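> I would like to see how this sequence folds:
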Amino acid sequence: MYPPDTITVDDRGAVRVVTIDRVARRNAVDSRTAAALREAFESFDADEALHVAVLTGAGGVFCAGADLKALAEGDRRPVGDTGPGPMGPTRMVLSKPVIAAIEGPCVAGGLELAVWCDLRVAASDAVLGVYCRRFGVPLVDLGTINLPRLIGHSRAIDLILTGRGVDGVEAERLGLVNRVAEPGRALEVAVALAEEIAALPQRCLRNDRRSAIEQWDLPLADAIVNEARYGRDTIASGETAAGAARFAAGAGRSGTTVPLS
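Numbers count the residues shown, from 1 in each chain. Take a look at the predicted model:
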């Protein structure tokens with residue numbers, strides 16, 4: 001479905017796994033791969049049967065960033081004020097969550113792909129960092145925006161200025177990743193997390209997620225109005241009443257899982 005030496009896509013029930021599959025280039029992203037990533041996430045967002053996506057890399061490597069060898073060979077991707085990010089999906093705002101499953105290097109543009117995702121699962125021995133610092137390659141896939149928003153300005157500017165790498169354990173301490181997995185198990189843990197999220201009431205989950213994203217651009221008063229608007233949409237859908245009925249019937253007591261039917 002996708003050009004060779006770009007990505008593979010595997011739909012597992014309500015979960016889509018998107019794998020950057022360029023092992024010979026450490027899963028570095030060229031223009032063809034960037035386009036394939038955009039297409040994979042556009043089709044994911046449009047498919048009502050899919051609820052959560054997982055982004056990962058083949059061969060024990062998440063992504064080494066932009067393909068600098070391809071760049072040196074003339075592969076060009078414009079950095080426009082509008083339009084897609086050079087790494088592919090990084091300027092897309094999806095209606096559904098994406099989880100990064102990180103093994104090995106997750107650096108430069110690869111780190112920007114990871115922080116574009118909603119959640120990150122990293123192996124304890126993974127390495128995350130702004131390695132492009134040493135080559136004069138700028139962060140142009142929202143790295144200078146998403147990193148400070150994710151982990152705070154002081155911690156983000158440390159990574160941005162020094163280009164140093166952090167392992168999965170330190171990344172969790174910084175708030176850069178959400179779960180730490182044993183080496184080799186990041187994808188397994190990420191897919192299990194995706195399946196948990198996919199089993200939840202989706203209208204409410206997506207509306208709350210969207211409100212949390214959009215509040216960054218809004219004054220407090222407008223954010224309150226926006227949250228209320230999404231909340232009314234969820235209630236009007238019937239999802240809230242159905243959940244209340246399940247609770248009244250005894251489901252979900254003491255934090256147990258609540259089946260949707």
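
> what helix or strand does the residue nearest to I157 when sequence neighbours are not counted sit in?
Ranked by Cβ to Cβ, 6 or more residues apart in numbering and with sequence neighbours excluded, the top spatial neighbour of I157 is P148, at 7.4 Å. From N, CA and C alone the C-beta is placed, and that goes for glycine too. For P148, the enclosing helix or strand under DSSP states H and E is helix 143-151.

> all the strands of this structure, in order from the start?
7-12, 15-20, 52-57, 98-102, 105-107, 119-123, 127-129, 165-167, 179-181 (DSSP state E).

> quick one: R209 and A58, what's the gap?
From R209 across to A58, the span is 28 Å (Cβ to Cβ, to the nearest Å).

> no wait, F135
Note on F135: its distance to A58, by Cβ to Cβ, is 24 Å.

> who has more neighbours, those two?
More crowded of F135 and A58, by other Cβ atoms under 10 Å: A58, with 15 against 11.

> what is the burial count for the nearest residue to that one once chain neighbours are set aside?
Spatially, and ignoring its direct neighbours in sequence, A58 is nearest to D21 (4.4 Å; Cβ to Cβ, 6+ apart). Under the neighbour criterion other Cβ under 10 Å, D21 is assigned a count of 19.

> and what of A64?
The burial count for A64: 24, using other Cβ under 10 Å.

> same check, this time on A228
So A228, with other Cβ under 10 Å, has 11 neighbours.

> same check on P105?
24.

> pretty sure the residue nearest to A58 is touching T6, no?
Yes - counting by Cβ atoms under 8 Å, D21 does reach T6; the two are 6.9 Å apart.

> from L174, how far out is the residue nearest to the spatial centre of the chain?
Nearest residue to the geometric centre of the chain (Cα atoms, centre = their mean): C117, 1.4 Å. Applying Cβ to Cβ, the value for C117 to L174 is 16 Å.

> do D75 as well
33 Å.

> now A34
Counting by Cβ to Cβ, the separation of A34 from L174 is 27 Å.

> who has more neighbours, the two?
Neighbours were counted for A34 and for L174 using other Cβ under 10 Å; A34 has more, 26 against 17.
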